[in-house]
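Colleague: Any chance you can model this:
(one chain, ligands or ions: 2)
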Amino acid sequence: MAMEIFDYDDIQLIPNKCVINSRSEADTTVKLGDRSFKIPVVPANMATVINEDLAKWLASHDYFYTMHRFAPETRRAFVESMHADNLFASISVGVKPSEYDFIDELAMHDAVPEYITIDIAHGHADSVIEMIKHIKKVLPASFVIAGNVATPAAVRDLENAGADATKVGVGPGKACITKIKTGFGTGGWQLAAVRWCAKAARKPIIADGGVRTNGDIAKSIRFGATMVMIGSMLAGHQESPGNVIKIDGKTYKQYYGSASETQKGEHKNVEGKQMLVPYRGHLADTLNEMQEDLQSAISYAGGRDLKAITKCDYVIVRNSIYNGDSL
Ligand SMILES: NC(=O)C1=CN([C@@H]2O[C@H](COP(=O)(O)OP(=O)(O)OC[C@H]3O[C@@H](n4cnc5c(N)ncnc54)[C@H](OP(=O)(O)O)[C@@H]3O)[C@@H](O)[C@H]2O)C=CC1
Ligand SMILES: Nc1nc2c(ncn2[C@@H]2O[C@H](COP(=O)(O)O)[C@@H](O)[C@H]2O)c(=O)[nH]1
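Modeller: Ligands and ions are numbered 1, 2, ... in the order given. Now for the predicted structure:
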């Protein structure tokens, strides 16, 4: 059977009969590893989206988070300070030789993160497979998320190496220029790629990149994601780490790709850009609204929890969901 190709804007989910009396009855919680989280959303592990203060706030309010890996020397202290506050630690690593030393250092100091994300651009690689095996050997209690990938073959290879979840999305991100510079990726068909990968997966999938509206979170769940990673929509808050910039009386925040020149400090293998995102107030309000909209989505799906969304029907309406309107 030929694969159906579509992206978020091409899909509308079809309502089923409502079985609850109030949207507040709908349960948006999701389990990843041993823990349950309030909503299936994780802020991207990018320097303009998450920092240590936000990680503490998110963990203490039952949201999942993944700290970025761009201040590598602070990571052990970060794990220890989260644990000192009785909070779970969730960090990112790369695959270079120094990262093996870092994993060994964590083990030596008994600073075991509950979650470790292996975060590289092209995650279907022996370097990632070797890092998964190393973490599983040295820190077997850590839940390992590996990525990013774009195909069922990649999902299977990383799962077989021991990954507990895989992250799907190569090139759909707002600050991404991979698709333009290399010609590769899931940009323009990210939602279909999530579905393709989820069908092959035996473990959770995290859909990463390309989410532009709250409805896209429900669509990701419908097509097999357990969790949804979001960058640009979560970068514009008062608490977001990016700089505040005012232009013509309007307030913006800085958002840049992890493979941008701004992040790297040099123009080498640049696959990301810097941009401005509109200021959106407090992160807590945006996360609350995401939860309310998901509760509403569950009610339209005719159920009481996220599982109902995975079963609802859909239509493909090419690039037409806005019908000439905007939010
Ligand atoms: N989700 C996405 O679509 C993308 C995300 N990013 C983000 O940007 C950040 C930097 O990513 P990345 O450049 O991988 O990190 P690193 O610079 O840490 O690279 C990781 C390792 O993988 C190697 N590597 C990277 N890309 C390739 C490739 N295409 N083929 C072979 N080897 C490769 C690097 O070597 P060398 O540098 O010598 O090649 C390095 O040894 C990450 O946070 C990543 O998530 C970047 C691009 C796409
Ligand atoms: N190709 C690139 N992708 C990147 C880069 N930095 C981050 N990312 C990916 O984007 C998502 C966030 O996407 P958004 O659509 O929600 O803004 C993030 O989680 C990474 O997977 C980059 O420099 N190049």
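Colleague: Three-state assignment for the most centrally placed residue in the chain, please.
Modeller: Centroid check for the chain by Cα atoms, centre = their mean gives Met229 as the closest residue, at 1.6 Å. Of the three states, Met229 takes strand according to DSSP: H, G, I helix; E, B strand; the rest coil.
Colleague: which residues sit in contact with it?
Modeller: Applying Cβ atoms under 8 Å, 6 or more residues apart in numbering, one finds that Met229 lies in contact with 42-45, 66, 167, 169, 206-209. In short, each C-beta sits where N, CA and C put it, glycine included.
Colleague: Among the residues you listed, which lie within strands?
Modeller: Here DSSP state E is the test, and these give 42-43, 167, 206-208 as lying in strands.
Colleague: gap between the residue lying farthest from the centre of the chain and ligand 2?
Modeller: Largest separation from the mean C-alpha position in the chain: Asp248, at 32.4 Å (Cα atoms, centre = their mean). For Asp248, the distance to ligand 2 (Cβ to the nearest ligand atom, to the nearest Å) stands at 24 Å.
Colleague: per-residue confidence at that residue?
Modeller: Listed pLDDT for Asp248 reads 95.
Colleague: Show the contacting residues for it.
Modeller: Per Cβ under 8 Å, 6+ apart, neighbours of Asp248: none.
Colleague: Could you check how far the closest residue to Thr74 other than its chain neighbours is from Ala77?
Modeller: The spatially closest residue to Thr74, leaving aside those adjacent along the chain, is Glu52, at 7.7 Å (Cβ to Cβ, 6 or more residues apart in numbering). Distance, Glu52 to Ala77, by Cβ to Cβ, to the nearest Å: 9 Å.
Colleague: Compare neighbour counts for those two and give me the winner.
Modeller: When Glu52 and Ala77 are compared on other Cβ atoms under 10 Å, the one with more neighbours turns out to be Glu52, at 15 against 11.
Colleague: can you pull the contacts of that one?
Modeller: Neighbour list for Glu52: 67, 74, 78, 81 [criterion: Cβ under 8 Å, 6+ apart].
Colleague: how near is it to ligand 2?
Modeller: From Glu52 to ligand 2 the distance is 18 Å (Cβ to the nearest ligand atom).
Colleague: Same question for Lys268.
Modeller: The gap separating Lys268 from ligand 2 is 13 Å, by Cβ to the nearest ligand atom.
Colleague: Run a quick neighbour tally on Lys38.
Modeller: Count around Lys38 with other Cβ under 10 Å applied: 18.
Colleague: Got the phi and psi for it?
Modeller: Main-chain torsions, Lys38, degrees, to the nearest 10: phi -60, psi -40.
Colleague: correct me, but it touches Gln291?
Modeller: Yes - if you go by Cβ atoms under 8 Å, Lys38 and Gln291 touch, sitting 6.5 Å apart.
Colleague: Could you tell me which residues touch both of the two?
Modeller: With Cβ under 8 Å, 6+ apart as the test, Lys38 and Gln291 both reach Thr28.
Colleague: residue contacts, Tyr65?
Modeller: Counting by Cβ under 8 Å, 6+ apart, Tyr65 makes contact with 42-43, 50, 54-55, 58-59, 90.
Colleague: hmm, 10 Å instead?
Modeller: 37, 42-43, 45, 49-50, 54-59, 82, 87-90, 115 (Cβ atoms under 10 Å, 6 or more residues apart in numbering).
Colleague: Same question for Ile230.
Modeller: So Ile230 contacts 41-44, 49, 173-174, 207-212, 214, 216-217, 220, 286, 290 (Cβ under 10 Å, 6+ apart).
Colleague: Over to Gly171?
Modeller: Going by Cβ under 10 Å, 6+ apart, Gly171 touches 121, 148, 150, 177-188, 190, 193, 209-210, 271.
Colleague: Quick check: which of the residues you listed are also close to ligand 2?
Modeller: 148, 178, 209-210, 271 (Cβ under 6 Å from any ligand atom).
Colleague: pLDDT score for the nearest residue to Leu87 once chain neighbours are set aside?
Modeller: Distances taken as Cβ to Cβ, 6+ apart place Ala59 nearest to Leu87, at 4.1 Å, with adjacent residues excluded. Ala59 carries a pLDDT value of 98.
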